[in-house]
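Asks: starting from these lines, generate the structure:
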Amino acid sequence: MKTKVEIFDPAMCCPTGVCGPSVDPELTRISRTVMKLVNEGYDVTRYNLAQEPEQFTNTEVTKLMEEKGTEALPATVVDGKLVKAGNYPSFGEFAAWFDFNESDLQVTTPKKKIDFTTK
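Replies: Sure, this is the predicted structure:
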């Protein structure tokens, strides 16, 4: 059976983290990671609460949000089971779920947010 990973994002304007005046390195990391995995044939999907609320009717995610609110997002479901809440999956977690070497995924990420606002 092919492993299926679903990531349930909080409400945001876009999944990349590059919209708005400051860039969140964690959002760019997860966007790049998911894109790389999908391009390599892995079954990974992200859902944005603002744009795809119907996807949040997953029993596990609904229960999580009823108990802890939207602050519990992002949430990750692997093969129908909630496995992580409050943070995005690490390279190691993806590697374990899909059975590959963690170093195959790692790319350099910015160490701090980039602020494009004028001061």
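Asks: please count neighbours and contacts with C-alpha atoms only from this point.
Replies: OK.
Asks: quickly find the element holding Thr33.
Replies: Take DSSP states H and E as the rule and Thr33 turns out to sit in helix 25-39.
Asks: averaged pLDDT, that helix. What do you get?
Replies: Throughout helix 25-39, pLDDT has a mean value of 91.
Asks: repeat that for stretch 72-79.
Replies: Mean pLDDT, stretch 72-79: 96.
Asks: start and end of it, how far apart?
Replies: Its first and final residues considered, stretch 72-79 spans 19 Å by CA to CA, to the nearest Å.
Asks: that older thread, quick one: list the elements packing against the helix holding Thr33.
Replies: Identification of packing neighbours for helix 25-39 by 3 or more CA pairs under 8 Å, 6 or more residues apart in numbering; DSSP states H and E yields strand 43-48.
Asks: repeat that for 10 Å
Replies: Secondary-structure packing of helix 25-39 (3 or more CA pairs under 10 Å, 6 or more residues apart in numbering; DSSP states H and E): strand 4-9, strand 43-48, helix 91-98.
Asks: by mean pLDDT, flag the weakest helix or strand of the protein.
Replies: The helix or strand with the lowest mean pLDDT-type score in the chain, counting by mean pLDDT, DSSP states H and E, is strand 114-115 (a mean of 65).
Asks: ok, now how distant is the residue nearest to Met12 when sequence neighbours are not counted from Glu93?
Replies: Distance criterion CA to CA, 6 or more residues apart in numbering; nearest residue to Met12, sequence neighbours excluded, is Ala50 at 6.2 Å. For Ala50, the distance to Glu93 (CA to CA) stands at 26 Å.
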